[in-house]
Each structure stands twice: as structure tokens, then as C-alpha cells.
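A.B. asks: dropping a prediction and its sequence here:
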Amino acid sequence: MATPGHTNERQPSAGTTEASVQILRGKHIGRVIPLKRALTRLGNHGSVAIIARREDGYFLASLTGGETVKVNGIPVGDQTVRLKRGDTLEIDQNLLLFYA
């Protein structure tokens, strides 16, 4: 018998909530990509970025460097950027919205 306030179901960790990105510009406009995996790769040959899901949030890094991956209009370069709800991501010519 379960005690009040306790269940046998696993609760999600307090750290990371589920998040997604929605494509705002490009040939797949409107598409929503859930970020369920530990690593999500976005982009193509010329501009590739990765979103890492960690216990303390979601982080974006460019795999190709340069100026083609941006968060809120600012190039990522060789930095890793922690994403916040409402951030816009530019990967090559595509524009995406991050939300959690």
C-alpha cells in the first residue's frame, strides 16, 4: 500500500525539462523537432550544430565553427551556449525557435 504523497512511478528529474525547436524559416517551416536524445544534430554540410541535453539544461555548439551558427543573432564560434526558452537559432539559412 502506497503512503500519501508517494507513488511507484518514476518522476522526471528536476534538472532537465523536455524541449523542442521549431523551424521558422527554410524548406521545413513549421516542423517541430523534439529534443529527446542526449545529442541532436541540426544542419547540413556547410553548417552543422549540435544540441546537447544535460541535467542542467540544453547547450548548443557549432561543429563547423565560423559565423554560420548563431543564437539570437550572435555567432557561436567555438563556444558552447546554454539555451533559454525563446532563443532563436540560425543554422546556415534556417531559423529555429527553442522552447522548453
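C.D. replies: Structure received. Residues are numbered from 1 along each chain as shown.
A.B. asks: against residue 62, how distant is residue 32?
C.D. replies: Distance, residue 32 to residue 62, by C-beta to C-beta, to the nearest Å: 22 Å. (C-beta placed from N, C-alpha, C; glycine too.)
A.B. asks: could you do residue 41 as well?
C.D. replies: Residue 41 is 11 Å from residue 62, by C-beta to C-beta.
A.B. asks: kindly report the same for residue 78.
C.D. replies: Counting by C-beta to C-beta - residue 78 and residue 62 are separated by 7 Å.
A.B. asks: between the two, which one's more packed in?
C.D. replies: residue 62 (24 against 9; other C-beta atoms under 10 Å).
A.B. asks: and for the nearest residue to the more buried one once chain neighbours are set aside, the neighbour number?
C.D. replies: Spatial nearest neighbour of residue 62, excluding adjacent residues (C-beta to C-beta, 6 or more residues apart in numbering): residue 69 at 3.8 Å. As a burial measure, residue 69 scores 26 neighbours (other C-beta under 10 Å).
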